[in-house]
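Asks: Pasting a predicted model and its sequence here:
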Amino acid sequence: MSFHHLFTYEIIALETPYIKRNCSKCKTNTEFYCSEKFRMNANQKLVDIWLIYNCIHCEGTWNYPILSRVNINKIESTLIQKFMNNDKETIWYYAFQINKLRKLCNDVNTDIRYELRKEKLNPLSSEVTIRICYKYDFGLRIDKLIAEIFAISRSKVNELSQNGTILLNPNIKMKSKVIDELQITVIGDWYKVDALT
Ligand SMILES: [Zn+2]
């Protein structure tokens with residue numbers, strides 16, 4: 001008897017990416033962490049919003065520009081509230097704008113700590129599909145993720161992909177970055193290892 005089941009694995013970021021830039025106090029190219037606080041400045045009706053980063057050595061600050069001189073009437077009041085309350089979800093949304101941050105900084109360190117929340121796989125399944133839930137994109141590679149899920153090497157992942165044992169939907173390259181809602185289908189029973197239980 002053959003079963004096919006869909007399971008969800010959630011990738012949970014445990015921290016926001018660090019950025020690298022020159023610290024004017026330390027006089028060196030160094031890492032800054034996200035303070036998880038917005039700074040707001042209003043001049044008449046024009047509003048500026050920044051997300052504040054702090055140097056890991058001296059607490060010197062760098063302000064990541066979020067909105068520059070925007071008329072307050074053009075910003076949704078619920079969003080203003082979120083800026084004023086340092087709403088964590090809003091902060092993380094901006095702190096994970098890695099491409100934008102890369103343009104403003106010397107580098108962004110996306111090698112952050114994360115957790116995999118796994119739904120237990122059915123041991124009777126001869127084919128399983130794992131749906132990836134990935135809310136905050138930090139550039140994780142698909143082959144790295146699969147290697148971690150199944151506790152195998154990246155070269156093994158590529159071998160299994162080439163012989164059709166691991167399939168991706170959408171059909172993107174193993175070396176691509178993980179996308180939300182990616183589905184990984186594995187065929188056979190080779191994966192029934194302790195790592196999955
Ligand atoms: Zn510094």
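Replies: Ah, there it is. These numbers come from a predicted model, not from an experiment.
Asks: Only C-alpha atoms from now on, for both contacts and neighbour counts.
Replies: Noted.
Asks: quick one: I12 is in a strand?
Replies: Yes: per DSSP: H, G, I helix; E, B strand; the rest coil, I12 lies within a strand segment.
Asks: Quickly list what it is bridged to.
Replies: Beta-bridge partners for I12, by DSSP bridges, are E115.
Asks: hey, where'd the helices end up in this structure?
Replies: Using DSSP state H, the helices of the chain run over residues 77-84, 88-95, 98-104, 142-150, 154-162.
Asks: Go through the first one and flag the buried ones.
Replies: Which is helix 77-84. F83 (16 or more other Cα atoms under 10 Å).
Asks: any idea of the mean pLDDT in that helix?
Replies: The pLDDT scores in helix 77-84 average 96.
Asks: Centre of the chain to that helix, how far?
Replies: 23 Å (Cα atoms, centre = their mean, to the nearest Å).
Asks: by contact count, what packs against it?
Replies: Using 3 or more Cα pairs under 8 Å, 6 or more residues apart in numbering; DSSP states H and E, the elements in contact with helix 77-84 are strand 28-43.
Asks: packing partners for the strand it packs on?
Replies: strand 18-23, strand 46-55, helix 77-84, helix 88-95.
Asks: can you list contacts of it?
Replies: 16-23, 47-56, 62, 83-84, 86, 88, 91-92, 95 (Cα atoms under 8 Å, 6 or more residues apart in numbering).
Asks: circling back: need the helices and strands packed on strand 28-43 in CSV (columns: distance to N163).
Replies: Converted to CSV, the helices and strands packed on strand 28-43 look like this (distance: least, Cα to Cα, whole Å):
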stretch, distance to N163
strand 18-23, 38
strand 46-55, 46
helix 77-84, 49
helix 88-95, 38
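Asks: Can you convert these into CSV and add a column each for distance to the ion?
Replies: Converted to CSV, these look like this (distance: least, Cα to the ion, whole Å):
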stretch, distance to the ion
strand 18-23, 5
strand 46-55, 5
helix 77-84, 26
helix 88-95, 19
